[in-house]
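In: Got a predicted structure plus its sequence, pasted below:
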Amino acid sequence: MSSLKHKVSSEDGDRKHLLPMSRDSMDKMLAWSMKACPRLVEVLCALQHTPDGAHTSDTGLQMDLADHALITHHLEQITFDTTTWVLWTR
């Protein structure tokens, strides 16, 4: 609380490192991830329609090792970002 009170009364202006991340920031991060990894949307849609317990190879998606690594990296980052955002905003 003292940090937040100091932020409000600070003469240096608005410090954003004490504020929780906004929904707009999360949307920008997701948009960047979708732009950097175009196949991410395709994979997310395929995973959404895959029955529980089925192998993802049954979705018909063909990708090489580089695509797989890139998609895995983005999925890990999105998972981390959304989890920490939910915990921070509670």
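Out: Happy to help now that I have it. On a predicted model such as this, the values are computed, not experimentally measured, just so you know.
In: mean confidence for the longest helix along the chain?
Out: Ranked by residue count, the top helix of the chain under DSSP state H comes out as helix 65-89. For helix 65-89, mean pLDDT is 87.
In: who's in contact with it?
Out: 20-21, 26, 29-30, 33, 36-37, 39-40, 43, 63 (Cβ atoms under 8 Å, 6 or more residues apart in numbering). All C-beta atoms are positioned from the backbone trio N, CA, C, and that covers glycine.
In: cutoff 7 Å now
Out: 20-21, 26, 29-30, 33, 37, 39-40, 43 (Cβ atoms under 7 Å, 6 or more residues apart in numbering).
In: Would you mind giving me the PyMOL syntax to select the buried ones in these?
Out: Buried subset of those, written as a PyMOL selection, criterion 16 or more other Cβ atoms under 10 Å:
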select buried, resi 26+29+30+33+37+39+40+43
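In: possible to save the contacts of helix 65-89 as TSV with distance to residue 77?
Out: Putting those into TSV (distance: Cβ to Cβ, whole Å) gives the following:
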residue	distance to residue 77
20	19
21	14
26	12
29	8
30	10
33	7
37	10
39	15
40	11
43	14
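In: At which residues are the helices of this protein located?
Out: Along the chain, counting by DSSP H, helices occupy 2-9, 23-36, 39-48, 65-89.
In: Against residue 73, how distant is the closest residue to residue 61 other than its chain neighbours?
Out: Of all residues not flanking residue 61 in the chain, residue 46 sits nearest, at 5.6 Å (Cβ to Cβ, 6 or more residues apart in numbering). Distance of residue 46 to residue 73, given as Cβ to Cβ, to the nearest Å: 18 Å.
In: ok, back up a step: unless I'm mixing things up, the residue nearest to residue 61 is touching residue 40, no?
Out: No - if you go by Cβ atoms under 7 Å, residue 46 and residue 40 don't touch, sitting 10.8 Å apart.
In: what residues are shared contacts of the two?
Out: In contact with both residue 46 and residue 40: no residue, using Cβ under 7 Å, 6+ apart.
In: Thank you, goodbye.
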